[in-house]
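1. The following block contains a protein sequence and its predicted model.
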Amino acid sequence: VQAVVLLLALARSQGQALTLLTPLNNSASWYPFPHFTWNCSAASTNEYVIEVSIDPSFKALIAGDTINGVACRYFAMQPLLPNRYFWRVRSDNQASLINSLTITTVSQTITIPASDNWSDLQSHLAAAYAMPGSTRIVFASAANNEYRITPPSSLLTFLNLSNVNDVYLDGNHQRFNFSLPTAFSLATDSSRIVIANFTFDIHPLPYTALRVRTLTATTAIVTTEPGHPLPDSLAAFLNNGIAELMTSSTRRVKRNGPLLVGYVNVSRLPACPSLGQYELGPGDICFQLTLTDKSAAVAVDDIIVVDPRLATGLEAQGGSSAAWVDNVLYACSNECLTSQNHEQLAILNTSLIRLPERYLAANNGGHNHHSMAIAPWIAGSTFMNTGDDICHVSGLVLSVFDVLNSTTARLQRSLPDVYASHHAGDLHLTVGDVLSFYHLAEGHLLQRNTIVSMTGPMRVGDKHVTTVTFATALDSRIVPGFIGSPVNTSITQLFDESRTANRLVFRYNKVMNGRRVALLAKGSRALIEHNTVVGTGGGAVELWNAPYEGLCAHDYLIRHNVWQDVNQLDRTSAPLWIVAFASNAGADYCHSNVLVVNNTVSSGPGPVFLVSQVVNLTIISNNVTRCQSDPSPMVQQTDASNVQVHDNVVVKSSAADLCIKALN
């Protein structure tokens, strides 16, 4: 009581008290990862200290941190054990009241008997999901702590939760090794789901790595790298048609190599031909393939990595409050960690790890998170060797089906909106949402308009449409149509500004050797701090509008990160790249209010900061190591406004990895 009185007095003396938003005061829940949120100015100049304790005087803290004003939210890294907790937030000139919450015990704990039989495991899981109240499901210890599971067919989902709530799945630090490409978990329209303490793997691997032994024009003879499946063991390897080019010494993309190479006509040879210094043993098998694209970039000893997109790792579609905690994923046959329309996702100490003999941990991107109001909180994890971007966060594009009158239009899903396609066209729109109407071909924002009413979705022909009435007249330049594949840039793009993965938090992560971008992000308000990025094919942070995922980035704080030897590919990019694609010179400024401060960068050659279509960008107090003979500017800007660059420390070096792009 005394502590509450003292804090009230402090709040009154410092000005208006901060308002604590969630969890509600005196609320109770079994869910051990509450999402702490509070109101704030959203300014990057403000820092907030959150403290969580079982003692109302806060003499001993259970959890807490300092969080910048662009986020104003917090997840603890470890689950809160059953108890009553007190929490408060303060800044330099404001303080909150003290709120309390109670974490209760789960209703029951169910143990899944150790088994390698898929059907038995699914039967036990289904019964556990159906239990009333909240359930902790613990997998029993298996021999050698490993479940070796053969699914009945490929592309099935192991932990399949549809309209299931209040479940804590505890893998008990067991390794779950699947013999076919398998989705590890899919939570559809499910809430308060914890997936913790799992190690997931797939073997045989869902990708393959082929070493080029000889190369004549566009014909390559290749052998399979140790521990990798033969290219004719999976139809998807033969038919994928595109591959990544890597080097065995670094297990990274080939420096100065292309994003992709094309191939066809993979065939097994009756015998391996004489390969000179690469004489093979009688048990070795050789394959021949034809390179169709970027063949000039391929050389003998390069590694061609074929990684078809098959089944995702951990996925959340719809619902809210999933937490993926203390997990390790060694192999994913598609995107490893993905979500759409799922709110309050916490990814904590959940890592994608490339084992030493392998080239990839994920066939596709490490993360893809789209079209939620609040972006995931991603912290304390290691993400290695993905077949595309390490992390991509954005809103998915919508389109106009038709315009009914000056203020009313019917809207529809576009590719690749998986959720709407499975939910009768549900676009997750809400009255009050602000939609951006964007002309991709010219890079112009046609208008921003607010939803005042809506009905649907309803079926019109083969489409599901939602009828939306807007606050003001619709722009006459809007072009209706379905945005499919390939993308039609003449059709007007729509992005729901309220659902573009806003308030992203990406902090204390280690990123290594992804094929393209470490973090590609859009939306309003992001906190990107204390991350280490090494050896990616693209930039450490890139802000740009992809054809289907957008749109712009606003109010970003990028600080205290380390970026080393990034931008490896032969690709326009930089350690920090800000751009609006398809924009003409003089097009609208897409991005705004980006602060880049106290980062350490050692990468080259080329600009460190490559920026355009941005207004109010500040680059300050960064430590940069560059090639001493690099003629490019540290900051290269076009069509940008109010770019402030000062107090950066630049060290010149003659190191080969800073000065020469094509080292291998």
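-> Happy to help now that I have it.
2. could you point out which element follows the host helix or strand of Leu494?
-> Assigned by DSSP states H and E, Leu494 falls within strand 493-496. The helix or strand immediately downstream of strand 493-496 is strand 504-507, counting by DSSP H and E.
3. what comes up buried for whichever helix or strand comes after that following strand?
-> Next helix or strand after strand 504-507 toward the C-terminus (DSSP H and E): strand 510-512. By neighbour count, with 16 or more other Cβ atoms under 10 Å as the criterion, the buried positions of strand 510-512 are 511-512. All C-beta atoms are positioned from the backbone trio N, CA, C, and that covers glycine.
4. Check which helices and strands strand 510-512 is in contact with.
-> Packing partners of strand 510-512 (3 or more Cβ pairs under 8 Å, 6 or more residues apart in numbering; DSSP states H and E): strand 382-384, strand 532-534.
5. which residues make contact with the first one from outside it?
-> The reference is to strand 382-384. 351-354, 361, 366-367, 390-391, 509-514 (Cβ atoms under 8 Å, 6 or more residues apart in numbering).
6. List only buried entries from those.
-> 351-354, 361, 366-367, 390-391, 509, 511-514.
7. wait, which of these is closest to Thr109?
-> Ser351 (26.3 Å; Cβ to Cβ).
8. ranges for the helices of this structure?
-> Assignment of helices within the chain using DSSP state H yields the ranges 2-14, 118-129, 235-239, 418-422, 656-659.
9. in the sheet, who's paired with Leu504?
-> Ala526 (DSSP bridges).
10. Okay, strands next: where are they in the stretch 401-550 of the chain?
-> Ranges of strands within the stretch 401-550 of the chain are 408-413, 434-439, 444-460, 463-470, 493-496, 504-507, 510-512, 519-521, 523-529, 532-534, 541-543, 549-550, based on DSSP state E, counting those that start in this stretch.
11. Sorry, wrong one. I was asking about the stretch 1-150 of the chain.
-> Using DSSP E, counting those that start in this stretch, the strands of the stretch 1-150 of the chain run over 20-22, 27-29, 36-38, 47-53, 63-68, 73-74, 83-90, 99-103, 108-112, 135-139, 146-149.
12. Reformat those strands into a markdown table and put mean neighbour count next to each item.
-> Below are the strands of the stretch 1-150 of the chain laid out as a markdown table (neighbours: other Cβ atoms under 10 Å):
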| stretch | mean neighbour count |
| --- | --- |
| strand 20-22 | 17 |
| strand 27-29 | 14 |
| strand 36-38 | 22 |
| strand 47-53 | 18 |
| strand 63-68 | 18 |
| strand 73-74 | 21 |
| strand 83-90 | 20 |
| strand 99-103 | 18 |
| strand 108-112 | 16 |
| strand 135-139 | 21 |
| strand 146-149 | 18 |
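13. between these, which one is nearest to Ala209?
-> By Cβ to Cβ (comparing all of the strands of the stretch 1-150 of the chain), the closest turns out to be strand 146-149, at 22.9 Å.
14. low-scoring pLDDT stretches of the chain, where are they?
-> Counting by pLDDT under 70, the chain shows low-confidence ranges at 1-16, 276-283, 583-587, 663-664.
15. hmm, what's the outermost residue in it?
-> Distance to the chain centre peaks in the chain at Ser274, reaching 45.2 Å (criterion: Cα atoms, centre = their mean).
16. That residue: what's it in contact with?
-> Ser274 neighbours (Cβ under 8 Å, 6+ apart): none.
17. Leu445 against Phe437, yeah?
-> Yes: with contacts counted by Cβ atoms under 8 Å, Leu445 reaches Phe437, the gap being 7.2 Å.
18. Counting neighbours, go ahead and name the busier of the two.
-> Phe437 (23 against 19; other Cβ atoms under 10 Å).
19. How about the contacts made by that one?
-> 445-449, 474-475, 478, 492-494.
20. hmm, try it at 6 Å
-> Listed by Cβ atoms under 6 Å, 6 or more residues apart in numbering, the contact partners of Phe437 are 446-447, 492, 494.
21. and which of those is nearest Arg626?
-> Nearest member of those to Arg626, counting by Cβ to Cβ, is Leu446, at 40.0 Å.
22. and Gly537, how far is that from Asn567?
-> 8 Å (Cβ to Cβ, to the nearest Å).
23. about what we covered before: how about CSV for the strands of the stretch 401-550 of the chain, with distance to Ser632 added?
-> As requested, the strands of the stretch 401-550 of the chain are exported to CSV (distance: least, Cβ to Cβ, whole Å):
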stretch, distance to Ser632
strand 408-413, 42
strand 434-439, 30
strand 444-460, 29
strand 463-470, 45
strand 493-496, 32
strand 504-507, 27
strand 510-512, 24
strand 519-521, 22
strand 523-529, 24
strand 532-534, 20
strand 541-543, 18
strand 549-550, 28
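24. what's in contact with stretch 158-171?
-> Here stretch 158-171 makes contact (Cβ under 6 Å, 6+ apart) with 129, 134-139, 182, 184-198.
25. Go again with 8 Å.
-> For stretch 158-171, contacts defined as Cβ under 8 Å, 6+ apart pick out 30-32, 106, 121, 125, 128-129, 133-139, 149, 151, 176, 178, 182-199, 327.
26. Quick one: buried ones out of the residues you listed?
-> 30-32, 106, 121, 125, 128-129, 134-139, 149, 151, 176, 178, 182-199, 327.
27. Between its first and last residues, what's the separation in stretch 257-270?
-> 31 Å (Cα to Cα, to the nearest Å).
28. residues of it that come out buried?
-> Buried-residue list, stretch 257-270, by 16+ other Cβ under 10 Å: 257-259, 261-263, 266.
29. Same question for stretch 395-409.
-> 395-401, 403, 407-409.
30. ok, now how distant is Ala297 from Val264?
-> 17 Å.
31. go on, Val194?
-> 45 Å.
32. Who are the contact partners of Leu360?
-> Contact partners of Leu360, counting by Cβ under 8 Å, 6+ apart, are 207, 305, 307, 331, 354, 385-387.
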